[in-house]
Structure formats: structure tokens, C-alpha cells
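**Q** Build me a model:
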Amino acid sequence: MPDRKTKPVGYEETISHSGHRLTPQRREVYNVLLGERDHPTATEVFIRAKRRMPGISLATVYNCLETLVECGLAKQVNVEREATRYCPNLSEHGHFVCENCGAVSDIPVVKEGGIARLLKVPSRFAVKHSEITLRGTCPDCRNSNN
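**A** Take a look at the predicted model:
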């Protein structure tokens, strides 16, 4: 897992090629997403970013998140009727939601054939996007219940 200062190769280029400037606010919001891979909501991103950047507003965080999604540097994760969460993991993956504590974790999928193979999607269908969410109890909650 990268530390808070690590950014993927091409991060600055991705922002600028999308017609956006790399602002300190966008950098901080992205660093928050990379810092803890726990799929935070916009409000959680705001609280974390405000620690290092006290002048940042919630509206700015929403705008930064929107730009990061638009540029392909983050994805929106929607879990039923909960607030939208954000994820910097752009590889094909599913999510596990703990029904006890609400934690959201990435779950890798089969590399060869991806989602289509995992779910045995007939070849006449072309999968462009998928969202797989598993629900249950995370290891921390399971251990605390024993």
C-alpha cells in the first residue's frame, strides 16, 4: 500500500491531459484516497483532508472527487442506499461490505477472463461495467465475536 506521498506514475499527466490543473486541493484529496484504502465518503475525505489543509471546504472536496472520477483516477462505489464512497483502485475488483461495522474492502476477481468468466456470462454479451458486492462479517468483527 503506498504511503501518503506516493502517487501513481502519470498522475499529474492524467490530470493535465483531462484539461484540469493539478491544484494543491486535488493533490490532497487524492492523497487521502491513497492513504487509507477504506472507500471513504466525501465527508470522510473532507475530515481527513482538513487535518492537513484547514482551509479546504466540503464543496471543494466534492469538486475534487468529481474531477478525479472524471479523469479516471478514482471510482465511485455505491453500496445500496448509502452515501457514495470513493476508491482509487482502478483494477477490476468487487467489494465486501461488513454488515456489522460497515467497512468496505476490495475483493480481487479472477484475472483471466475477469468478471465475465467469474459469473459465466454467455459470450454473446459484452460486459462493459460490473459492480459486485458481497456482504457478511469482516475478520475484525468475526474475531471480536468469538
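
**Q** Am I right that residue 48 is in contact with residue 33?
**A** No. Here residue 48 does not reach residue 33: they are 9.4 Å apart, not a contact under Cβ atoms under 8 Å. Backbone N, C-alpha and C define where each C-beta goes, glycine included.

**Q** between the two, what contacts are shared?
**A** Common contacts of residue 48 and residue 33 (Cβ atoms under 8 Å, 6 or more residues apart in numbering): residue 40.

**Q** what about these two, which has more around it?
**A** residue 33 (23 against 20; other Cβ atoms under 10 Å).

**Q** out of everything not next to it in sequence, what's closest to that one?
**A** With Cβ to Cβ, 6 or more residues apart in numbering as the criterion, residue 33 has its nearest non-adjacent residue at 4.4 Å, and that residue is residue 88.

**Q** now the spatially most central residue of the chain, which residues is it bridged with?
**A** Centroid check for the chain by Cα atoms, centre = their mean gives residue 87 as the closest residue, at 0.4 Å. As for beta bridges, residue 87 partners with residue 75 under DSSP bridges.

**Q** do you know how far it is from residue 21?
**A** 24 Å (Cβ to Cβ, to the nearest Å).

**Q** looking at this protein, which helix or strand does the model trust least?
**A** helix 114-118 (a mean of 58; mean pLDDT, DSSP states H and E).

**Q** Skip ahead from that helix and say which helix or strand is next.
**A** strand 133-136 (DSSP states H and E).
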